[in-house]
Each structure stands twice: as C-alpha cells, then as structure tokens.
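# Fold the stuff below for me.
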Amino acid sequence: MIRKEIKKLLLSLTEEDFYKNVDLHIHSCESDGIMTPYEIVIQAKERGLKYIAISDHNTLDAYLSTNILKEDIVIPAIEFDCFYRGVLIHILGYGINIDSLELKPLLAKSRLGKTFNLYRLLKLRNPKEVIEKIKKAGGISVLAHPCCCWTFNLDKFISELKDCGLEGVEVFYPYKRLRKILKFHSGEKVADIADKYNLIKTGGTDSHGKNLL
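As a prediction, the model looks like this:
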C-alpha cells in the first residue's frame, strides 16, 4: 500500500468505524502482547473487522516473520518509543514499507528493546527523526494516546510535533489499564486539536491480551 493510498484510507475512517470495523493499535507476542500475529488476524476476521494494524513496539517482526501482509485486512504498522521535551511519547507509523532501510536504525536490537518498559526507554529516539523516517518509508506518522502526554499545553505540544511533520493523532482510544490512570487530557480536547491543525484522526484499542476488545 503506497503512502497516498494509506493516507486516503485513514482519512476515510470515522468515529463509527472504531472499534466496530477497525482497530489500528494492536500488540502481538513479537513485542509485549500475548497473541501471535496469526491469532490476531484470525480473531479479527471472526469479529468481522475490515482493517487492523499490529503496531508492536520498535519492531516489524510480526510482518518480517510471517505472511500476514497477504491478508487484505492488515495495514503494516509500528509504534516507536520517543522522548520530546522530556515527555515520553509513542509515535505510530502506518502503511510503512517493512523492508525500508530508513527504519532499520530505529528498530530494537534485542528482545528487551521490544518488550521491557524500562529497557525500551534507554533508546532515546528523536521524534523528528522518527517522523521523517516513517515518511521516507512510505508511512503516515500518528501520535498515540495523546491524552496521556504529560504536558500542560497539549495544543502547543501537538502543534510543535506537527511542525516536525506529524500527520495524525489517535483520537478514538478506550484509555483502559495504566493509560486510564495516567490520563491528563480529554478525548474531546484531542479531537478539537486534531480539527484545529487538520490532522488525521485514527483509533485503536492498544490491545495486548488474548482477546481483541
């Protein structure tokens, strides 16, 4: 799927699509999830989902080690751990070329870099570089679960990331588990900011368990 196509697809999705038809934030056992990539695809089909994205932390192994991209419902994706102005953020990349050399320097070099929270944070990825490389790899960059960004001025924070090339924000998100506790902003505020800066709105459950939500 080329960049133009994935952007058009993401723009076509509405709030009603999440999570009834689409889930663009799922983790597999290739990072800190439980299900295998194939188990995720099978369950997604059983649920009748039209599109899914396995967005493992700092790795593309769910795609490189399987043939799941042959499935029409699968959009290739990744989630990078980054720091911006001292704030931990996660940047999703959708529609990326999994064989792109641009992304290789950003990928985890060990199992711990994909799974263990504290170890993952040792890799200080620069969000501007991450956003640029996602674009060069043919993908669309999206700020994950922005309600959890530890900043007083989320509007300015997202505006600055847009200046770095950010193209979307994750608006439709259930905010369960730890994310519910660390929630600093409202989904309504994120949606307003997305509209203000003409950013693509995406959504996903951030599922890590045995069942898709």
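# rest of the way, CA atoms for contacts and neighbours
OK.
# Which parts of the protein are helices?
3-12, 37-47, 61-64, 112-115, 117-120, 127-136, 154-163, 177-181, 187-196 (DSSP state H).
# How about the contacts made by the most centrally placed residue in the chain?
Centroid-nearest residue in the chain, with Cα atoms, centre = their mean: Leu92, separated by 3.0 Å. With contacts taken as Cα atoms under 8 Å, 6 or more residues apart in numbering, Leu92 has the following neighbours: Ser55, Ala77, Ile78, Glu79, Phe80, Ile140, Ser141, Val142, Leu143, Ala144.
# now do Ala44
Contacts of Ala44 were listed using Cα under 8 Å, 6+ apart, and they are Ile52, Leu212.
# Kindly report the same for Glu15.
Contacts for Glu15 were tallied using Cα under 8 Å, 6+ apart; they are Phe172.
# Without its sequence neighbours, what residue ends up closest to the residue nearest to the centre of the chain?
Glu79 (4.4 Å; Cα to Cα, 6 or more residues apart in numbering).
# For the one you found, give me its contacts.
Contacts here follow Cα under 8 Å, 6+ apart; on that basis Glu79 touches Ser55, Asp56, His57, Asn58, Thr59, His90, Ile91, Leu92, Gly93.
# The last one pairs with what?
Gly93 forms beta bridges with Ile78, Ser141, as assigned by DSSP bridges.
# Which secondary structure element of the chain has the lowest mean pLDDT?
helix 177-181 (a mean of 54; mean pLDDT, DSSP states H and E).
# Distance check, the nearest residue to Asp72 once chain neighbours are set aside against Leu13.
Nearest residue to Asp72, sequence neighbours excluded (Cα to Cα, 6+ apart): Tyr51, at 7.8 Å. In this structure, Tyr51 and Leu13 are separated by 10 Å, where distance is defined by Cα to Cα, to the nearest Å.
# And Lys20, by the same measure?
Taking Cα to Cα as the criterion, Lys20 is separated from Leu13 by 11 Å.
# Looking at the two, which has the bigger crowd around it?
In this comparison of Lys20 against Leu13, neighbours counted by other Cα atoms under 10 Å, the higher total goes to Leu13 at 16 against 13.
# Find the residue closest to that one in space, skipping its chain neighbours.
Looking at Leu13 with Cα to Cα, 6+ apart, the closest residue is Thr202, at 7.6 Å.
# ditto for Ile75
In space, and not counting its chain neighbours, Ile75 is closest to Ala53: 5.0 Å by Cα to Cα, 6+ apart.
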